[in-house]
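In: can you look at this prediction? I've put the sequence above it.
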Amino acid sequence: MVQQLKIEMNDFPLPIEITKDCDYYWKLIQKFWAYCDFIVKVQHKNNIENLFDRVFKNCSRIVECLELYYNAQYSEAQTLIKEYLRQYVYDNPYILTSIEESYAFRGAAPENIQPDPYRNDPDQSRIYAKMMNTPLTFYRARMGEEQFGYKDMLHIPFNMRSKIGTYRFSIPGVPCLYLATTSYGTWIELGKPEYEELNVSFFKLPKDLKVLNLCIYQDYINGLSSLEINEKEYEAVIKYLEFFPLVIATSFVISEDNRKFKSEYIISQLLMQSAKELGIDGVAYLSKREADRFAYPIAVNLAILMPQNFNQNSKDELYWGRISEIQLTEPIKFSDFRNLSISKSALTGNCRSYVNECFAKDGDYELNIDDKKCNYYDSSFSRYDEYLANQELKTYEDM
């Protein structure tokens, strides 16, 4: 059965910016009430049975999770997050898939999530085939004026756990590999350091990693629901609407300085603590340093857990057991690249960077870089992406 949903979701742009940590709980509740009011209208317009009940239950779970956590009932809080996730991570190609077939990176290119209206369109078929068959590429950055080597761009070794702090999708002492879809994405995540301090490597990852897709935003929901969709796509939109409270809860930016605790990280860190049990290797999410409509696909982040093998035979190993399956290039400073004549040359022909080849080349992704507006494909970061992608790749054994 083909049908069209009436969603018109326009009042929930992300991220949500607030000033004080103590306001997170109350602001989240306020956002959830607004979202539930919106869902009531969606349910009424589209005659979707029990949608409000399911969304309200999910919002309530997250609020209760925060209350438990604030009262040091950590185990109970984690149980609630696992219950939330279990509803959506099994047999759902839109929310949990291999990295190779993840919407977060390939858009709607994977065959099992391509919208029906485009399947028989030759032009769309060619676009999706290109998006699906071009190898995925990622970037990782470190900040510093010193000279970094290959190994410096891997995750923090297990014997240096004491240096691992708290981050949005990782907890103190637990290594996590953070990457982005472009060098620009890594730069903004580091707080836009001076170019002399930006060191970036190009990465290729194992294709079977299971990635949770948190790159859900209102423009995408509106776009998918505006089509004449089949039953599977209809169900996908409904699941996105149900799942969205988790995206809201993990998309806050709090500007308060000198905090030792960050409330906006509670839900995302509990999610990562539940990841292994649920078959999740990493999480894809939109950068919180750009508005969501600009972040996709230029600033999509990927956080991959780096579990340690505690078998006796591996007591001297310092890195993830699958570290040899990662390929990366030697880090190059952005300032050094900008001194090369090639840094001024326009990109032509086929690109090795996935974002350049499949999105930026033919898209209109306008960003503000160095106080100037430009399309990403014409930016120095785009050329930096390409330069890095053409350097020699090595594995851990080659370093």
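Out: Received it, and whenever you're ready, just let me know what you need.
In: distance between stretch 79-94 and the chain's centre?
Out: In terms of Cα atoms, centre = their mean, to the nearest Å, the centre of stretch 79-94 is found 17 Å from the chain centre.
In: now do stretch 355-372
Out: Counting by Cα atoms, centre = their mean, stretch 355-372 comes out at 18 Å from the chain centroid.
In: nearest the middle, which residue of this structure would you pick?
Out: Nearest to the geometric centre of the chain sits Tyr285, at 2.1 Å (Cα atoms, centre = their mean).
In: let's verify that residue: helix, strand, or coil?
Out: Following DSSP: H, G, I helix; E, B strand; the rest coil, Tyr285 is assigned to strand.
In: how about the strands in the stretch 251-399 of the chain?
Out: Taking DSSP state E, counting those that start in this stretch as the criterion, the stretch 251-399 of the chain carries its strands at 252-254, 282-286, 300-305, 327-329, 332-333, 366-369, 372-375, 393-394.
In: and the ones you listed, which one's lowest on average pLDDT?
Out: Here the lowest mean pLDDT among the strands of the stretch 251-399 of the chain goes to strand 366-369, at a mean of 83.
In: and it, what's buried?
Out: Of all the residues in strand 366-369, those buried under the rule 16 or more other Cβ atoms under 10 Å are Leu367, Ile369. (C-beta placed from N, C-alpha, C; glycine too.)
In: ok so, going back, show me the contacts for the residue nearest to the centre of the chain.
Out: The contact partners of Tyr285, by Cβ atoms under 8 Å, 6 or more residues apart in numbering, come to Ala104, Arg168, Phe169, Leu214, Cys215, Thr250, Val300, Asn301, Ala303.
In: one step back: would you turn the strands of the stretch 251-399 of the chain into a markdown table with distance to Ile81?
Out: Shown next, in a markdown table, are these (distance: least, Cβ to Cβ, whole Å):
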| stretch | distance to Ile81 |
| --- | --- |
| strand 252-254 | 16 |
| strand 282-286 | 13 |
| strand 300-305 | 15 |
| strand 327-329 | 32 |
| strand 332-333 | 39 |
| strand 366-369 | 34 |
| strand 372-375 | 39 |
| strand 393-394 | 37 |
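In: quick one on the thing from earlier: and the two most separated of the contacts of Tyr285?
Out: The span of the contacts of Tyr285, defined through Cβ to Cβ, is set by Ala104 and Arg168 at 15.5 Å.
In: of the contacts of Tyr285, closest to Thr79?
Out: Using Cβ to Cβ, these come closest to Thr79 at Thr250, 18.1 Å.
In: what about the closest residue to that closest one other than its chain neighbours, how many residues nearby?
Out: Spatially, and ignoring its direct neighbours in sequence, Thr250 is nearest to Ser268 (4.4 Å; Cβ to Cβ, 6 or more residues apart in numbering). Neighbour count for Ser268, taken as other Cβ atoms under 10 Å: 25.
In: now do Gln312, the pLDDT please.
Out: 54.
In: neighbours of Asp375, how many?
Out: One thing to correct before we go on: residue 375 is Asn, not Asp. 14.
In: let me redo that: Asn311
Out: Residues near Asn311, counting by other Cβ under 10 Å: 9.
In: tell me where the model's unsure across the stretch 251-399 of the chain.
Out: Flagging of the stretch 251-399 of the chain using pLDDT under 70 yields the residue ranges 312-316.
In: again, 80 this time
Out: Residues of the stretch 251-399 of the chain meeting the criterion pLDDT under 80: 311-316, 370.
In: for it, which segments count as helices?
Out: Using DSSP state H, counting those that start in this stretch, the helices assigned to the stretch 251-399 of the chain run over residues 266-275, 292-295, 334-338, 354-355, 380-389.
In: those: which one's closest to Lys82?
Out: Closest to Lys82 of the helices of the stretch 251-399 of the chain is helix 266-275 (Cβ to Cβ; 4.6 Å).
In: switch the contacts of Tyr285 over to a markdown table; also include neighbour count and distance to Glu196.
Out: Below are the contacts of Tyr285 laid out as a markdown table (neighbours: other Cβ atoms under 10 Å; distance: Cβ to Cβ, whole Å):
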| residue | neighbour count | distance to Glu196 |
| --- | --- | --- |
| Ala104 | 24 | 32 |
| Arg168 | 22 | 26 |
| Phe169 | 23 | 28 |
| Leu214 | 24 | 33 |
| Cys215 | 23 | 32 |
| Thr250 | 23 | 33 |
| Val300 | 24 | 26 |
| Asn301 | 27 | 24 |
| Ala303 | 23 | 27 |
